[in-house]
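Below: sequence and its predicted model.
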Amino acid sequence: MFLKENRVYFEDIIKDEKFIIENSNIEVNIEYSNRRSFGMMCLYGKLLITIPLSVLKIGYIGRSFYLQLCNSLEKIYMKIQPLNIEPITLNYVYLFGEKLQVTNFKGYINEPKYFYVKRISLTSILKQYDKVVKDKLQSIMNENCNLLKLANDFKLTISFYKTRYGSINTKERRIHLDRRIFAFNYDVFNSVILHELCHCYYQNHSRQFHNLLNSVSSKNKFYTYIMAKGDFQFYDK
Ligand SMILES: [Zn+2]
């Protein structure tokens with residue numbers, strides 16, 4: 001019970017802070033974790049703040065954390081200016097960098113700019129979305145594995161993940177990808193896949209890891225910024 005009250009307290013602070021950064025409409029998601037430190041990042045145009053559970057037990061947050069929080073929120077906002085657009089809705093979806101109108105009208109099957117589903121429900125939209133994505137991924141995975149001299153025996157899981165774009169289990173050879181990365185165009189989402197594949201050589205984010213990643217995906221840093229912003233229609237000319 002004590003914990004719950006504190007949670008409200010934290011969320012109130014963040015709501016206030018949201019107001020302080022010029023009435024912005026940034027969506028702030030708060031998560032509690034077993035980690036020791038506070039985390040702050042921007043994913044798809046939304047701010048994600050992770051608060052250590054241990055801090056909740058203390059019952060209050062210190063002045064220094066409060067200042068740190070204000071500071072970081074402002075920095076993220078200034079640097080990124082998130083667009084805060086939903087990638088998948090009942091009306092439209094962003095897919096491979098294009099905005100498509102969701103329709104159940106059969107005449108629009110295979111029409112560009114339309115996304116055909118039998119029934120307009122989130123379940124069928126997601127099912128169809130994953131199907132299109134998985135079809136496309138076959139050739140992409142072949143190309144990437146060739147490029148990195150890896151056997152293409154990876155299993156792919158596509159889902160919504162709260163805190164990351166992708167992850168890899170190199171022992172099981174399974175790659176988890178956040179569905180929303182496919183809202184972006186090829187160059188952008190492929191940088192996530194290449195990132196995960198490079199972990200087959202280096203588990204951590206060491207200098208060697210980044211050297212390898214940069215050799216196959218030179219603009220990956222910039223693309224991460226585009227993803228943080230949630231600029232689904234970004235096109236690299
Ligand atoms: Zn990584």
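In hand now; what should we look at? Numbers count the residues shown, from 1 in each chain.

Just give the closest residue to the residue nearest to the spatial centre of the chain, not the sequence neighbours.
Among the residues of the chain, the smallest C-alpha distance to the mean C-alpha position (CA atoms, centre = their mean) belongs to residue 165, namely 4.2 Å. If you skip the residues right next to it in sequence, residue 165 has residue 192 as its closest partner in space, 4.7 Å away by CB to CB, 6 or more residues apart in numbering. C-betas here are computed from N, CA, C, even on glycine.

In the helix or strand harbouring residue 189, which residues are buried?
Using DSSP states H and E, residue 189 sits in helix 186-198. Of the residues in helix 186-198, those buried by neighbour count under the rule 16 or more other CB atoms under 10 Å are 187-198.

Show me which residues of the biggest helix by length in the chain are buried.
Across the chain, the longest stretch assigned as helix under DSSP state H is helix 122-147. Along helix 122-147, these residues count as buried under the neighbour rule (16+ other CB under 10 Å): 125-126, 128-129, 133, 137, 141, 144-145.

What helices and strands are in contact with the helix holding residue 189?
For helix 186-198, the contact count by 3 or more CB pairs under 8 Å, 6 or more residues apart in numbering; DSSP states H and E identifies helix 122-147, strand 166-169, strand 174-178, helix 207-216, helix 220-229 as packing neighbours.

partner strands of the helix or strand following the longest one, parallel or antiparallel?
Next in sequence after helix 122-147, counting helices and strands by DSSP H and E, comes strand 155-159. Using DSSP bridges, the strands paired with strand 155-159 are strand 174-178 (parallel).

contacting residues for the nearest residue to residue 140 once chain neighbours are set aside?
Spatial nearest neighbour of residue 140, chain neighbours left out: residue 190 (6.4 Å); criterion: CB to CB, 6+ apart. Neighbouring residues of residue 190 by CB atoms under 8 Å, 6 or more residues apart in numbering: 140, 144, 217.

distance of residue 190 from residue 177?
Using CB to CB, to the nearest Å, residue 190 is found at 11 Å from residue 177.

is it fair to say residue 36 lies in a strand?
No: according to DSSP: H, G, I helix; E, B strand; the rest coil, residue 36 belongs to no strand; its state is coil.

Need the outlier residue of this structure, farthest from its centre.
residue 107 (33.3 Å).
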